[in-house]
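Asker: A predicted structure for the sequence below; I have some questions about it.
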Amino acid sequence: MSRAAQSLFPHQKLDWTISRLQERVDSTPDDPAARIELAGAMVSRGLYHGGGERICNDALAHVRRALTDDPANVHALIVAALALCGMDRPRAAARYLDQAVRVDGEIPLLRLAMGKMEGLRGEHGQAVRQLETACRLAPDAWETHLELGRALMSLARQEGHPPRLVERAQYHLVQTLQREPSTERTPEVIRDLGIVCMQTGRHREAERFFGRLKQHERYRASAHLHLGEVSFQLGKYNNAIQHLRQYLRKHPDNADVLAKVALCWFHLEEYGRARETCHQALMADPDNVEARYALGCALMEEGIPNEAMKVFREALKERPDHMASYAEMVRARRLSGDTRWIQQALQAEVANHDRLAPGGTADPKAVTRERVHVVLDEIRQVGDEMVPAVLGAIAHTQDEGLRFLLWEAATELAVGTVANVASGRLQRSNELYGPGLGGLALATATAIPEPNLVSGLRLEEADLKRAAVDRHPPAHDVQAHRENLKTERDRARAHQALLLLSIGQRRTPSSVELLRRWADAADPELATAAWAALVMSGDPEAAGRLQVRAEQQGEGALVQRLLDAVTPPAEPLSPRKVSGDSETNCTTCGRSHGDVTHLIAGGNVVVCDRCVVHITSHRATLGAPDDAGCGLCGRTHFESAGLYHYNGVNVCNSCIQLSLGLLEREEIERFLQQWGTR
């Protein structure tokens, strides 16, 4: 079957097709089938070949005429809805689609139309779901993959570009190109692929896509714009300026691009040029926030902080949610030593939070919470002197989440200060050792650099002998001196035991290795401390060793309670890709490694990519029981977005996405490698 035959719309010789159908309609004006076919070709022209709103309007006129004769014709209803989508009228399109769904909801063109309608409404999640169904019903049609790829891009943009959504968009755009879309659409797909490559950090591939885009006269300026953005992200500011200037030749008054050029000059420390370019941008658009931000940054570096603060305030007046401007303003106050202003800013933002209503395009509560985060970041740079201000701000809000955030920040500041004190003392542990210093280290272990904890363990016999003299009154006989030395040995052992427990909290490979050495080589008491520390690192063998020793001493119940308190929770099962194992078979279908693209394993279950695709396509009929858990990772219904039962195995949505992600990434890698050789 040819690529054209797999498409949902006619694309080949479209002008000739429309002309022929128009002649047919003119000769038989009462033939509804001819009008529907003509309208479908016109919608193809309008949606995918640059025809625009006018030709969609003509298509709507023809299909409405046909619907007067056959009002239940599903194809006509869908074409009418698509024509209205091409005219940006989703509410009107919905009326036709509601009728079509009642007749037959499993038509790929219908699902595509519903996806486009939901996208125009701004319901990008719903659009993705409809277009996923369209892709399942018509997996070889490039239009379904194109629309789904773009819907995923819109949803990713709405949700802050989560990597998995961006990867999925990239995959479906790759599928679109592989199915040879219309020549009018190919450059746009190349552009979109370049954009998602930027978002996934694949700048080299993005440059290739945008470089190819330069070959199309209509898209040359856009290619330079995106190449400038890639260069900016890579820190190649001179290259970015050159590309952005090429774009500005066609669009000299684009304030956003001028602001980007200004930021390039700023990063090149050409502050005068940055200011000049900002002024050009503000002449084109006096309210451009990015230009104001760049201007404020340049003024700060030139040593004109008062003017810079004025510019940042103006930017925030236009866009209260522009965090870059707010962050620079707070940072400037901190660098100038104006901690009082920072304290007042924190109190004002916290007090304002409860008075604001949630929701809206720029949720004011969310903006205020983000501002609180910005202020707290700068407060951390100031130090523990700000703890009273942070604790005082708690009284200005009743929001439990915000109160906890402030309490956590104050605790972090206090712990950081104590940790700095403990860290400094550990460098002199040969003089200052003891249970007091060990307890201080244990209380702040996660904030103390691991090398400092390790260095605090090193105590020599000479250190103990010196302490037996320096820390005690003069000994009148040998026995008194021996008693003093014994006391210091006990203090040293307590110090080392507490430090071993502190190191156990680090849970790093190096800390586990050190603890194992101490557990094997130290005397029984310190070895016990090392085993306890290994328990805190999640070592099950260490727990068994401790339990045996406790039973020998008659303290099994006490030690078990302590183990329950300090043992970290069990790690969830981590599904992994099975590689290089020819004897492993899929639990659900029995296929071997050589029969599938990949297998993922977790627990006692192995699932192949083919079964995952089947589960994905039939999720509605494969719901798992309420008390089920995923065989791969153990997640329940409460811990996953979905849990499905297939051939005796429960698989959750997270594991499905893991497998699909592997499949899609492999496909993307193959495509990008081949594209690089074209």
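Answerer: Now that the structure is in, tell me what you want to look at. Numbers count the residues shown, from 1 in each chain.

Asker: Distance check, the closest residue to residue 57 other than its chain neighbours against residue 61.
Answerer: For residue 57, ignoring the flanking residues on the chain, the nearest one in space by Cβ to Cβ, 6 or more residues apart in numbering is residue 87 at 6.2 Å. To be clear about C-beta, it is placed using only N, CA and C from the backbone, and glycine gets the same treatment. Relative to residue 61, residue 87 is positioned 12 Å away (Cβ to Cβ, to the nearest Å).

Asker: What of residue 165?
Answerer: Relative to residue 61, residue 165 is positioned 38 Å away (Cβ to Cβ).

Asker: Neighbour count: these two, which is higher?
Answerer: Per other Cβ atoms under 10 Å, whichever of residue 165 and residue 61 has more neighbours is residue 165, with 22 against 12.

Asker: and the more buried one, what are its phi and psi?
Answerer: Per-residue torsions, residue 165: phi -70, psi -40 (degrees, to the nearest 10).

Asker: okay, it: pLDDT?
Answerer: Looking at residue 165, its pLDDT reads 92.

Asker: Distance-wise, check it relative to residue 655.
Answerer: 18 Å.

Asker: Kindly report the same for residue 150.
Answerer: Distance from residue 150 to residue 655, counting by Cβ to Cβ: 27 Å.

Asker: ok, these two, which is more surrounded?
Answerer: More crowded of residue 150 and residue 655, by other Cβ under 10 Å: residue 655, with 26 against 23.

Asker: so what's the more buried one closest to, chain neighbours aside?
Answerer: Closest to residue 655 by Cβ to Cβ, 6+ apart is residue 632, at 4.5 Å.

Asker: what about residue 590, how many neighbours?
Answerer: A count of neighbours around residue 590, defined by other Cβ under 10 Å, yields 10.

Asker: Name the next helix or strand downstream of the strand or helix carrying residue 529, please.
Answerer: In this assignment (DSSP states H and E), residue 529 forms part of helix 524-536. As assigned by DSSP H and E, the chain's next helix or strand after helix 524-536 is helix 540-552.

Asker: helices or strands up against that following helix?
Answerer: Applying 3 or more Cβ pairs under 8 Å, 6 or more residues apart in numbering; DSSP states H and E, one finds that helix 540-552 makes contact with helix 524-536, helix 556-566.

Asker: 10 Å instead?
Answerer: helix 509-521, helix 524-536, helix 556-566 (3 or more Cβ pairs under 10 Å, 6 or more residues apart in numbering; DSSP states H and E).

Asker: Please report the distance of residue 177 from residue 410.
Answerer: Residue 177 sits 53 Å away from residue 410, going by Cβ to Cβ.

Asker: before we move on, what about residue 644?
Answerer: Plainly put, residue 644 is 45 Å away from residue 410 if you go by Cβ to Cβ.

Asker: Isn't residue 605 up against residue 652?
Answerer: No - at 11.3 Å, residue 605 does not count as touching residue 652 under the criterion of Cβ atoms under 10 Å.

Asker: Now do the shared contacts for those two.
Answerer: Here residue 605 and residue 652 have 575, 630, 631, 632, 633 as joint contacts, going by Cβ atoms under 10 Å, 6 or more residues apart in numbering.

Asker: Just the buried ones among those residues, please.
Answerer: Among those, those classed as buried by 16 or more other Cβ atoms under 10 Å are 575, 630, 631, 632, 633.

Asker: Show the contacting residues for the fourth one.
Answerer: Pointing back at residue 632 there. Counting by Cβ under 10 Å, 6+ apart, residue 632 touches 573-576, 587, 600-607, 649-652, 654-656, 658-659.

Asker: Identify the residue spatially nearest to residue 72, adjacent ones excluded.
Answerer: Closest to residue 72 by Cβ to Cβ, 6+ apart is residue 103, at 6.3 Å.

Asker: Now do the same contact list for that neighbour.
Answerer: Neighbour list for residue 103: 72, 73, 74, 77, 110 [criterion: Cβ under 10 Å, 6+ apart].

Asker: Weed out the non-buried ones from these.
Answerer: Buried subset of the contacts of residue 103 (neighbour count, 16+ other Cβ under 10 Å): 73, 74, 77, 110.

Asker: okay if I get the residues you listed as TSV plus distance to residue 173?
Answerer: Below are the buried ones among the contacts of residue 103 laid out as TSV (distance: Cβ to Cβ, whole Å):
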residue	distance to residue 173
73	33
74	29
77	29
110	23
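
Asker: In helices only, show me these.
Answerer: Among the buried ones among the contacts of residue 103, the members falling in helices (DSSP state H) are 74, 77, 110.

Asker: contacting residues around residue 655?
Answerer: If you count contacts by Cβ under 10 Å, 6+ apart, residue 655 has them with 573, 575, 600, 602, 605, 607, 612, 615, 630-633, 635, 640, 643-644.

Asker: Return the per-residue confidence for it.
Answerer: 90.

Asker: Kindly confirm my reading that it forms part of a helix.
Answerer: Yes - counting by DSSP: H, G, I helix; E, B strand; the rest coil, residue 655 falls inside a helix.

Asker: ok, now how distant is it from residue 200?
Answerer: As judged by Cβ to Cβ, residue 655 and residue 200 stand 22 Å apart.

Asker: Provide the backbone phi and psi angles at the spatially most central residue of the chain.
Answerer: Geometric centre of the chain, nearest residue: residue 162, 3.5 Å, by Cα atoms, centre = their mean. With angles defined as degrees, to the nearest 10, residue 162 sits at phi -60, psi 140.

Asker: about what we covered before: now the buried ones among the contacts of residue 103 as JSON lines including distance to residue 384 and pLDDT?
Answerer: Listed next are the buried ones among the contacts of residue 103 as JSON lines, based on distance: Cβ to Cβ, whole Å; pLDDT from 0 to 100:
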{"residue": "73", "distance to residue 384": "74", "pLDDT": "92"}
{"residue": "74", "distance to residue 384": "70", "pLDDT": "92"}
{"residue": "77", "distance to residue 384": "68", "pLDDT": "94"}
{"residue": "110", "distance to residue 384": "63", "pLDDT": "94"}
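
Asker: What is the neighbour count of residue 440?
Answerer: For residue 440, the count of nearby residues is 21 (other Cβ under 10 Å).
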